[in-house]
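Trainee: Task: produce atomic coordinates for the following.
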Amino acid sequence: MFFTLRTDVLAVVVLGIVVGATAVGLAIGRSIRARSDEPQDSFGVLQGALLGFMALVLAFGLSLAVGRYESRRAATVAEATALGTTYLRAQTLAEPMRSESIALLERYTELGLRISDAVPDSAAARAAMADSDDVERQLWALAGQALDRAPQDSAPRLYVESLNESFDDRVARVAGLANRVPTTVLLVELAGAVLALALLGLHLAVLGRGALVSLLAAALVGVLLFVTFDLDRPTRGLITVPATTLESLLDSMQEPPAATPGGS
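Mentor: Take a look at the predicted model:
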């Protein structure tokens, strides 16, 4: 649900909900105080318990989002490393598999960058994955030809090994991009924050204290919620997973190959 929203819309929705809940609590608290001149502290224990619960849920959700973000970054580096090794080993193949494989690996890396820029499960992402699968089949066919022509040579065998690893790493990275914090957890975070902040505003208003503290707390919680949600939007939020390793690899592929055909 939150993943489909634009970044600016998400920020407005999250901040609007938590600040609005706090404002409602303040209004109710002032109404209660206006009807009674005696100090009211009946909500203190419940408000403190809810704030503790909210802090726990916020920390849990943020840790989940950060963990997934770091996993996506690691998966990108792993794929770039495997592709770099595959590209180097492709240079040791005999012609014509060598030239064709090098060109396809460059195309495969470009598609990896397209996948990084596309929203998971969108039409653009599905088209990029379809093109990537097609290039994989072509690369695997060429690898089979290289093995058939030189079944005893080490170069084709090493190339096939790293090529298979590159394919596996791409699958893992794509799966990571679509692996998000469960919506139920995010909803519990938001609901807990709304209830705790509303009760905080009510409690402070009943005691006759200023609303500034409540609104500042609401703003802080709203920012924390937004960061948690945004970390789970790796291709469209403010905090995206960098693809610099793939970009650097693609730049290196523009240089002339270092190894000669059939080299070791």
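Trainee: any idea of the pLDDT on V45?
Mentor: At V45 the predicted local distance difference test score is 62.
Trainee: Could you do F167 as well?
Mentor: 96.
Trainee: What is the burial count for it?
Mentor: 20 (other C-beta atoms under 10 Å). The way it works is simple: take the backbone N, C-alpha and C, and place the C-beta from them, glycine included.
Trainee: Helix or strand: which one has the closest residue in space to it that isn't next to it in sequence?
Mentor: The spatially closest residue to F167, leaving aside those adjacent along the chain, is E136, at 5.7 Å (C-beta to C-beta, 6 or more residues apart in numbering). Assigned by DSSP states H and E, E136 belongs to helix 123-149.
Trainee: mind listing what's buried in that helix?
Mentor: 125, 128-129, 131-132, 135-136, 139, 142-143, 145-147 (16 or more other C-beta atoms under 10 Å).
Trainee: before we move on, back to that, could I get the pLDDT score of the residue nearest to F167?
Mentor: Turning to E136, the model gives it a pLDDT of 96.
Trainee: got the buried residues for stretch 182-194?
Mentor: Neighbour count says stretch 182-194 has V185, L186, E189, L190, G192, A193, V194 buried, by 16+ other C-beta under 10 Å.
Trainee: tell me the contacts of L163?
Mentor: By C-beta atoms under 8 Å, 6 or more residues apart in numbering, the contact set of L163 is T86, L139, W140, A143.
Trainee: still on that earlier bit, make a markdown table out of the buried residues of stretch 182-194 and add secondary structure, distance to A243 and pLDDT.
Mentor: Supplementary listing: the buried residues of stretch 182-194 in a markdown table, determined by DSSP: H, G, I helix; E, B strand; the rest coil; distance: C-beta to C-beta, whole Å; pLDDT from 0 to 100:
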| residue | secondary structure | distance to A243 | pLDDT |
| --- | --- | --- | --- |
| V185 | helix | 27 | 80 |
| L186 | helix | 25 | 82 |
| E189 | helix | 29 | 84 |
| L190 | helix | 30 | 87 |
| G192 | helix | 35 | 84 |
| A193 | helix | 33 | 85 |
| V194 | helix | 36 | 88 |
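Trainee: and those residues as a markdown table, adding distance to D168?
Mentor: Listed next are the buried residues of stretch 182-194 as a markdown table, based on distance: C-beta to C-beta, whole Å:
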| residue | distance to D168 |
| --- | --- |
| V185 | 29 |
| L186 | 30 |
| E189 | 34 |
| L190 | 37 |
| G192 | 39 |
| A193 | 40 |
| V194 | 43 |
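Trainee: Quick check on the most centrally placed residue in the chain: phi, psi?
Mentor: Centroid check for the chain by C-alpha atoms, centre = their mean gives P234 as the closest residue, at 3.2 Å. In this entry, P234 is assigned phi and psi values of phi -70, psi -20 (degrees, to the nearest 10).
Trainee: how about the nearest residue to it, chain neighbours excluded?
Mentor: For P234, the nearest residue in space outside its immediate sequence neighbours is V241; the separation is 4.3 Å by C-beta to C-beta, 6+ apart.
Trainee: quick one: which of the buried residues of helix 123-149 is nearest D168?
Mentor: For the buried residues of helix 123-149, the residue nearest D168 by C-beta to C-beta is E136; the value is 10.9 Å.
Trainee: Next one: that closest one relative to P156, how far apart?
Mentor: According to C-beta to C-beta, to the nearest Å, E136 and P156 sit 17 Å apart.
Trainee: what angle do the helix or strand harbouring I115 and helix 123-149 make?
Mentor: I115 belongs to helix 97-117 when elements are defined using DSSP H and E. Counting by axes from the mean of the first three to the mean of the last three C-alpha atoms, to 10 degrees, helix 97-117 points 160 degrees away from the direction of helix 123-149.
Trainee: Go ahead and confirm V206 touches R33.
Mentor: Yes. With the criterion set as C-beta atoms under 8 Å, V206 and R33 qualify as a contacting pair; they are 5.2 Å apart.
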